[in-house]
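Asker: Give me coordinates for this.
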Amino acid sequence: MTHDEIIAVVTAHKEGKLIEERFLGPLEKWRISIKPSWDFNHWEFRIAPEPKKAREWWVNAYDDGSCIGY
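Answerer: Numbering: from 1, shown residues only. I've put the predicted structure just below:
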């Protein structure tokens, strides 16, 4: 990680944003970091991505049992 990336993730943690971490190794997956160790030699950190917004669907249901979705 660059110095700017380290500063950004530590600042985000200070501001209360959710942080993810993963061990530097093949096939490692991101996980929520409850209490980051800030060991940048063995771990990688990032600001957790915002969850995608759910789509809104509208459905017209008719008395004959048919329906149309939008």
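Asker: And the pLDDT at Ser33?
Answerer: pLDDT, Ser33: 94.
Asker: so what's it up against?
Answerer: Each residue near Ser33 by C-beta atoms under 8 Å, 6 or more residues apart in numbering is listed here: Ile19, Glu20, Glu21, Phe45. Just so you know, the C-beta spots here come from the backbone N, C-alpha and C atoms, and that holds for glycine as well.
Asker: From Ser66, how far off is the first one?
Answerer: What that stands for is Ile19. 49 Å (C-beta to C-beta, to the nearest Å).
Asker: repeat for the third one
Answerer: Per C-beta to C-beta, Glu21 is found 51 Å from Ser66.
Asker: For those two, indicate the residue with more neighbours.
Answerer: Neighbours per residue, other C-beta atoms under 10 Å: of Glu21 and Ser66, the larger number sits with Glu21, 20 against 8.
Asker: Report the beta-bridge partners for the more buried one.
Answerer: Arg31, Phe45 (DSSP bridges).
Asker: surely it meets Asp39?
Answerer: No: contact between Glu21 and Asp39 fails when scored by C-beta atoms under 8 Å: they sit 9.3 Å apart.
Asker: Leaving aside the residues adjacent along the chain, what's closest to Ala12?
Answerer: Ranked by C-beta to C-beta, 6 or more residues apart in numbering and with sequence neighbours excluded, the top spatial neighbour of Ala12 is Ile47, at 4.7 Å.
Asker: burial measure for the one you found, as a count.
Answerer: 16.
Asker: check contacts around it.
Answerer: Applying C-beta under 8 Å, 6+ apart to Ile47 gives the contacts Ala8, Val9, Ala12, Lys17, Leu18, Ile19, Glu20.
Asker: Mind picking the one among those residues that's closest to Trp58?
Answerer: In terms of C-beta to C-beta, no member of the contacts of Ile47 lies closer to Trp58 than Leu18, at 31.8 Å.
Asker: Could you find the closest non-adjacent residue to the closest one?
Answerer: Using C-beta to C-beta, 6+ apart, the nearest residue to Leu18 is Ala48, at 3.9 Å.
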